[in-house]
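**Q** Here is my input, please return the structure:
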Amino acid sequence: MDLEKRQAVRPEAPQGREPEGCLVVAVRLPVRIVALVVLVPVRMVWDVLVVVGRVLRDTVLRPLGRALAWVGKALFVWPFVALWRWVLVPAGRAVAWLVKWLVVVPAVWLYRWVLTPVGHGIAWLARGVWAGLAWVYARLLTPAGHGVLWLVRYLVVVPAVWVYRWVLAPAGRAVAWTVYWTGRVLFVLPAQAVWRWVMVPVGRVLAVIGREARTALGHAWRVAGHISLAVGRLLGTLFRWIFVEPVRWVYHSVLTPLGHAVRDAVLRPVADASRAVGRGVRQALASVRESVRQVRYDVRRTLFGEPRERPAVAQREPRGGEARTLGRSTTALTKD
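**A** Below you'll find the predicted structure:
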């Protein structure tokens, strides 16, 4: 009773898959282990090459491709477009106009007024010749052809059919039967035996090994991808904690306060002092310039005396008091 219950509870193999035998189980684990060991370095190298390829594509190849495309357009497309638009198209139109008026129009005139009448005459002659040939064919060649066909049928075709039916066909069937059974006994039956008892079992074993190897390679490739991702994250974390975080801490905790201290204690006083010195130098230069101007004026006055006052010259423009205002109706020109 217990044995019957165990047999009843035993799970069935899933539909669509054959039950796995000892050979499948014996091949699967070694193949998967070897595939995993071989594919882990390959997958890591592949991931590195993918990252490098993406960086090169985004930073080098894509800008280089755009530059080469622009250069190609500038060197090849635009000159040919200009050549087509401004040289070839006008030249083609001119050639078409010349061909129309130098070739097509004369050819149409020649066809209409010369070749058409000549063709009508030739057609009339051809119809007459054809009528004569038709009479000869109907009255002479047809009876002669019927007689020749009768002679060929009863002197050649009927004897050939009889020889084929009663001599060649039986002989050919006998030769074909002999060749068929000879080839079957010598080649087909041994080949069937080799195929059935040697090639099919070997092929099934190789198919099982190949299927398991393919499954193991796929599984190992996915496992290698996870391992490569974990190694990459570990290296990234180590790089961040070994290099990036110390550099960031040094920048925020050491260099930034040191820079602020240097700016407040050294650079800002130096800048204020240099601005003050600049203002003092500018004021000193301005006073020296004014002193030099005064000395030059005193020397000129001592040597040449006081400068003469220029006599007043009558100006045509009215002075401020004589100009027209909003409250007066006269101007400087109509005042007198």
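
**Q** for this structure, which helix is longest?
**A** helix 200-239 (DSSP state H).

**Q** so what does that helix touch, helix or strand wise?
**A** helix 22-56 (3 or more CB pairs under 8 Å, 6 or more residues apart in numbering; DSSP states H and E). Where you see a C-beta, it was placed from the backbone N, CA and C, and this is true even at glycine.

**Q** Now the helix it packs on: buried residues?
**A** Going by neighbour count (16 or more other CB atoms under 10 Å), the buried part of helix 22-56 is 27-28, 31-32, 35-36, 39-40, 43-44, 47.

**Q** Name the SS class of residue 154, please.
**A** Counting by DSSP: H, G, I helix; E, B strand; the rest coil, the backbone at residue 154 sits in helix.

**Q** so who does it touch?
**A** Residue 154 makes no contacts at all, as judged by CB atoms under 8 Å, 6 or more residues apart in numbering.

**Q** That one and residue 147: what is the separation?
**A** Residue 154 sits 11 Å away from residue 147, taking CB to CB, to the nearest Å as the criterion.

**Q** middle-most residue in this protein, spatially?
**A** Nearest residue to the geometric centre of the chain (CA atoms, centre = their mean): residue 65, 9.8 Å.

**Q** For that one, give me the backbone phi and psi.
**A** phi -60, psi -40 (degrees, to the nearest 10).

**Q** residues touching it, list them.
**A** Residues in contact with residue 65 (CB under 8 Å, 6+ apart): none are found.

**Q** For burial, what's the neighbour tally of residue 170?
**A** 10 (other CB atoms under 10 Å).

**Q** Let me know the distance separating it from residue 35.
**A** Residue 170 sits 65 Å away from residue 35, taking CB to CB as the criterion.

**Q** sorry, back to before: residues of the longest helix of the chain that come out buried?
**A** In helix 200-239, counting by 16+ other CB under 10 Å, buried: 208, 212-213, 216-217, 219-221, 223-225, 227-228.

**Q** got those as JSON lines, with pLDDT and distance to residue 301 columns?
**A** Formatted as JSON lines, these follow (pLDDT from 0 to 100; distance: CB to CB, whole Å):
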{"residue": "208", "pLDDT": "85", "distance to residue 301": "124"}
{"residue": "212", "pLDDT": "83", "distance to residue 301": "119"}
{"residue": "213", "pLDDT": "84", "distance to residue 301": "115"}
{"residue": "216", "pLDDT": "82", "distance to residue 301": "113"}
{"residue": "217", "pLDDT": "85", "distance to residue 301": "109"}
{"residue": "219", "pLDDT": "83", "distance to residue 301": "110"}
{"residue": "220", "pLDDT": "83", "distance to residue 301": "107"}
{"residue": "221", "pLDDT": "86", "distance to residue 301": "104"}
{"residue": "223", "pLDDT": "85", "distance to residue 301": "105"}
{"residue": "224", "pLDDT": "84", "distance to residue 301": "102"}
{"residue": "225", "pLDDT": "85", "distance to residue 301": "99"}
{"residue": "227", "pLDDT": "87", "distance to residue 301": "100"}
{"residue": "228", "pLDDT": "85", "distance to residue 301": "96"}
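
**Q** mind checking which helix or strand residue 96 is in?
**A** According to DSSP states H and E, residue 96 maps onto helix 89-99.

**Q** For that helix, list the C-alpha coordinates in PDB.
**A** Output of helix 89-99 as PDB, limited to C-alpha atoms (Å, rounded to 0.1, in the frame of the first residue of the first chain):
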ATOM      1  CA  VAL A  89      21.000  72.100 -65.100                       C
ATOM      2  CA  PRO A  90      21.400  75.300 -67.300                       C
ATOM      3  CA  ALA A  91      23.700  73.300 -69.600                       C
ATOM      4  CA  GLY A  92      21.200  70.500 -69.800                       C
ATOM      5  CA  ARG A  93      18.400  72.800 -70.600                       C
ATOM      6  CA  ALA A  94      20.500  74.500 -73.400                       C
ATOM      7  CA  VAL A  95      21.400  71.000 -74.800                       C
ATOM      8  CA  ALA A  96      17.800  69.900 -74.600                       C
ATOM      9  CA  TRP A  97      16.700  73.100 -76.500                       C
ATOM     10  CA  LEU A  98      19.400  72.500 -79.200                       C
ATOM     11  CA  VAL A  99      18.500  68.800 -79.500                       C
END
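
**Q** Number the chain from 32, please
**A** In the new numbering, first residue 32, that becomes helix 120-130.

**Q** Tell me how far it lies from the chain's centre.
**A** Its chain's average C-alpha position is 38 Å from that of helix 120-130, according to CA atoms, centre = their mean, to the nearest Å.

**Q** How about residues contacting it?
**A** Contacts for helix 120-130 (CB under 8 Å, 6+ apart): none.

**Q** low pLDDT regions in the protein?
**A** The chain contains residues with pLDDT under 70 at 32-59, 334-367.

**Q** If we use 50, what do you get?
**A** Under the criterion pLDDT under 50, the flagged ranges of the chain are 32-50, 351-352, 363-367.

**Q** mind listing the strands for it?
**A** Ranges of strands within the chain: none, based on DSSP state E.

**Q** Look up how far residue 247 lies from the residue nearest to the centre of the chain.
**A** Taking CB to CB, one finds residue 96 at 40 Å from residue 247.

**Q** Equivalent analysis for residue 198, please.
**A** 67 Å.

**Q** try residue 229
**A** 27 Å.
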